[in-house]
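Undergrad: Next comes the sequence, and after it the predicted model I'd like to discuss.
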Amino acid sequence: MIDHVGFPISDYEKSKTFYTKALAPLGYTLIMEVPGDINGSGFPAAGFGANGKPDFWIGGEGGLEKPLHVAILAKNRAAVDAFYRAALAAGGKDNGAPGLRPHYHKDYYGAFVLDLDGHNIEAVCHAPA
């Protein structure tokens, strides 16, 4: 079981704004920030999550050479759709509109958006319609 994931981004403030908007439909909020002078990296970090637990972190160290993929579980298909719309409105780029991905399994419903650094962020629901 993964407790949390974190990765560096190239523009901390812009990415923090992007994720605040894009993750809201999934029930994720900005839970905490760790200033650079306290953080071991020397750069600020922002932790997003649900129910008071930050499990999705971004850090201001600078972008990665290659993009990564992170999938966040959505409560239902409507939340997947709302994530997709919110992420695009916040400046993300389409990387796969909401829909079934039966090659994973018959009820796999996901949407994919590239964040400001080109990371592939997915919202997924595994429940039947």
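TA: Received it, and whenever you're ready, just let me know what you need. Numbering: from 1, shown residues only.
Undergrad: wait, residue 45 sits on residue 34?
TA: Yes: with contacts defined as CB atoms under 8 Å, residue 45 counts as touching residue 34 at a distance of 4.6 Å. Every residue, glycine included, has its C-beta placed from N, CA and C.
Undergrad: Low-confidence regions, the protein specifically.
TA: Within the chain, the stretches falling below the threshold (pLDDT under 70) are 1.
Undergrad: In it, what residue spans correspond to strands?
TA: Secondary structure of the chain (DSSP state E): strands located at 5-8, 29-34, 45-50, 53-59, 69-73, 93-94, 99-100, 109-114, 120-125.
Undergrad: List the buried residues for the fourth one?
TA: Just to be clear, that refers to strand 53-59. Under the neighbour-count criterion of 16 or more other CB atoms under 10 Å, strand 53-59 has 54, 55, 56, 57, 58, 59 buried.
Undergrad: farthest pair in those?
TA: 55 and 59 (14.3 Å; CB to CB).
Undergrad: For stretch 106-126, C-alpha coordinates in PDB please.
TA: Listed next in PDB are the C-alpha coordinates belonging to stretch 106-126 (Å, rounded to 0.1, in the frame of the first residue of the first chain):
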ATOM      1  CA  LYS A 106     -14.900  -3.800 -18.100                       C
ATOM      2  CA  ASP A 107     -15.700  -1.100 -15.600                       C
ATOM      3  CA  TYR A 108     -12.500   0.900 -15.800                       C
ATOM      4  CA  TYR A 109     -13.600   4.500 -16.400                       C
ATOM      5  CA  GLY A 110     -10.900   7.100 -16.500                       C
ATOM      6  CA  ALA A 111      -9.800  10.500 -17.800                       C
ATOM      7  CA  PHE A 112      -6.200  11.600 -18.400                       C
ATOM      8  CA  VAL A 113      -4.800  15.200 -18.300                       C
ATOM      9  CA  LEU A 114      -1.300  16.400 -18.700                       C
ATOM     10  CA  ASP A 115      -0.400  18.900 -16.000                       C
ATOM     11  CA  LEU A 116       1.700  22.000 -16.500                       C
ATOM     12  CA  ASP A 117       5.000  20.000 -16.600                       C
ATOM     13  CA  GLY A 118       3.500  17.200 -18.900                       C
ATOM     14  CA  HIS A 119       2.900  14.700 -16.100                       C
ATOM     15  CA  ASN A 120       0.000  12.300 -16.900                       C
ATOM     16  CA  ILE A 121      -2.600  12.700 -14.200                       C
ATOM     17  CA  GLU A 122      -5.600  10.400 -14.200                       C
ATOM     18  CA  ALA A 123      -8.800  10.100 -12.400                       C
ATOM     19  CA  VAL A 124     -10.300   6.600 -12.300                       C
ATOM     20  CA  CYS A 125     -13.400   4.900 -11.200                       C
ATOM     21  CA  HIS A 126     -13.700   1.100 -11.000                       C
END
